[in-house]
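> Fold the following and give me the result.
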Amino acid sequence: MTPPPAAGRTGATLAVAAMTCVQLGLAVSVGLLDQLDPDGVAWLRLAWAGVLFAVVVRPRPSWFTRSGFLACVALGIVTGGVTMLFMAAVARLPLGTASALEFLGPLAVAVFRGRGGARRLLWPAFAAVGVLLLTEPWHGDVDLLGVGFALGAAVCWAAYIVLTQRVGDEVTGIRGLAVSMPVAGLLATAVAGPSVFGELTAELVLAGLGIAALLPVIPFCLELLALRRLTAAAFGTLMSLEPAIALVIGLLVLHQVPGTGAVVGLAFVVAAGVGAERTGARTPAPAHVAESAYSSQRPRPLRRAHKLCDDDPPAAQEPPEAPRSRRRRL
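Have a look, this model is predicted:
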């Protein structure tokens with residue numbers, strides 16, 4: 001069945017909106033970096049996001065199958081991992097180098113899960129060239145530990161894309177985020193919380209609440225909706241638009257003027273994003289397949305825990321239908 005073009009356009013729009021919110025949130029977070037280290041800012045965002053989702057959505061065990069719940073927990077682990085590992089990489093590497101290495105995760109998803117044979121390599125190749133021109137990772141000294149953190153973030157980002165799509169398919173609405181985000185917040189608290197507690201003030205806590213709504217609450221909801229309409233490969237390629245969006249927001253908000261290489265890279269990633277949007281809509285399942293999948297995931301009725309006793313009344317049965325008399329022809 002041919003994927004509907006509208007699904008691809010809607011999914012691409014949601015993904016671009018999510019990336020825009022991410023970059024706006026990062027731009028707003030610049031002020032917090034003067035008072036907290038990058039790990040502290042990441043912990044504040046994840047902790048507040050976990051609280052917001054848990055309080056607003058209030059997840060219930062009856063909402064989840066066992067596999068769906070485990071997928072939500074795994075998504076929370078990789079969400080916390082990609083945030084913390086990327087912050088650790090940025091502390092040791094130039095931002096451009098860390099960003100280029102981290103993008104290897106979505107690029108790998110786009111390559112290995114794409115459709116169309118050898119043609120599926122075209123848009124990721126465009127995206128890779130664009131990201132390299134935008135971030136210029138060849139500048140600056142390379143810290144091997146920082147490279148390891150960035151590659152770990154790339155693995156988590158790739159897993160995040162795959163798991164977000166799975167959670168979106170198995171769990172209704174944003175209920176999956178009501179489990180994954182508290183898990184991410186707990187993970188961040190275990191890693192960075194103890195070193196940040198003494199530096200918190202009322203202003204920082206309130207600022208963290210506002211930034212958490214912009215990043216990651218709104219973007220993660222939009223990404224979950226986008227992955228219900230796009231293939232994981234197309235979504236991974238669309239993520240290459242994020243450095244370009246960062247360039248534009250840096251120009252408008254932070255007054256960072258891009259160079260010629262960055263402008264050329266912007267053209268490459270825009271071309272990759274357009275190509276991914278046109279070829280990346282998910283193929284809708286046939287009606288009988290969707291009904292079968294839905295039926296297999298519905299909770300089954302509980303069996304009675306006791307056996308029928310002798311004095312239990314037998315189940316009422318309908319009396320047999322009386323035979324109809326045949327009319328004799330005259």
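
> what comes up buried for the helix or strand residue 193 falls within?
Following DSSP states H and E, one finds residue 193 within helix 177-196. Using 16 or more other CB atoms under 10 Å as the test for burial, helix 177-196 gives 177-189, 191-193, 196. For the C-beta atoms, the positions are set from N, CA and C on the backbone; glycine is no exception.

> same check, this time on stretch 135-149
135-137, 143, 146-147, 149.

> what's that stretch in contact with?
85-86, 88-89, 91-101, 243, 261, 265 (CB atoms under 8 Å, 6 or more residues apart in numbering).

> all helices of the stretch 51-200 of the chain, in order?
For the stretch 51-200 of the chain, the helices defined by DSSP state H, counting those that start in this stretch occupy 66-90, 95-102, 104-112, 122-135, 144-170, 177-196.

> Which one of the ones you listed lies nearest to residue 207?
Closest of the helices of the stretch 51-200 of the chain to residue 207 is helix 177-196, at 13.5 Å (criterion: CB to CB).

> Show me how far that closest one is from its chain's centre.
16 Å (CA atoms, centre = their mean, to the nearest Å).

> Stretch 224-238 too?
Here the centre of stretch 224-238 is set off from its chain's centre by 9 Å, with CA atoms, centre = their mean.

> In it, which of the residues would be classed as buried?
Buried residues in stretch 224-238, counted by 16+ other CB under 10 Å: 224-227, 229-238.

> what does stretch 259-274 give?
Neighbour-count burial for stretch 259-274, with 16+ other CB under 10 Å as criterion, is recorded at 262, 265-266, 268-273.

> returning to what we had before: buried subset of the contacts of stretch 135-149 as a PyMOL selection?
Restricted to buried positions by 16+ other CB under 10 Å, the PyMOL selection for these reads:
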select buried, resi 85+86+88+89+92+93+94+96+97+98+99+100+101+243+265
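
> residue nearest the centroid of this structure?
Geometric centre of the chain, nearest residue: residue 164, 4.4 Å, by CA atoms, centre = their mean.

> Chain neighbours aside, what residue packs nearest to residue 51?
residue 185 (7.0 Å; CB to CB, 6 or more residues apart in numbering).

> Give me the spatial nearest neighbour of residue 106, chain neighbours excluded.
Nearest residue to residue 106, sequence neighbours excluded (CB to CB, 6+ apart): residue 236, at 3.7 Å.

> for the stretch 1-150 of the chain, what are the low-confidence residue spans?
Scanning the stretch 1-150 of the chain for pLDDT under 70 picks out the ranges 1-5, 95-96, 114-120, 140-142.

> Find the nearest non-adjacent residue to the residue nearest to the centre of the chain, please.
In this structure, residue 164 finds its nearest non-sequential neighbour in residue 227, 5.2 Å apart by CB to CB, 6+ apart.

> check contacts around that neighbour.
Residues in contact with residue 227 (CB under 8 Å, 6+ apart) are 11, 161, 164-165, 168, 235.

> mind putting those in a markdown table, distance to residue 113 included?
Shown next, in a markdown table, are the contacts of residue 227 (distance: CB to CB, whole Å):
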| residue | distance to residue 113 |
| --- | --- |
| 11 | 15 |
| 161 | 9 |
| 164 | 13 |
| 165 | 10 |
| 168 | 15 |
| 235 | 10 |
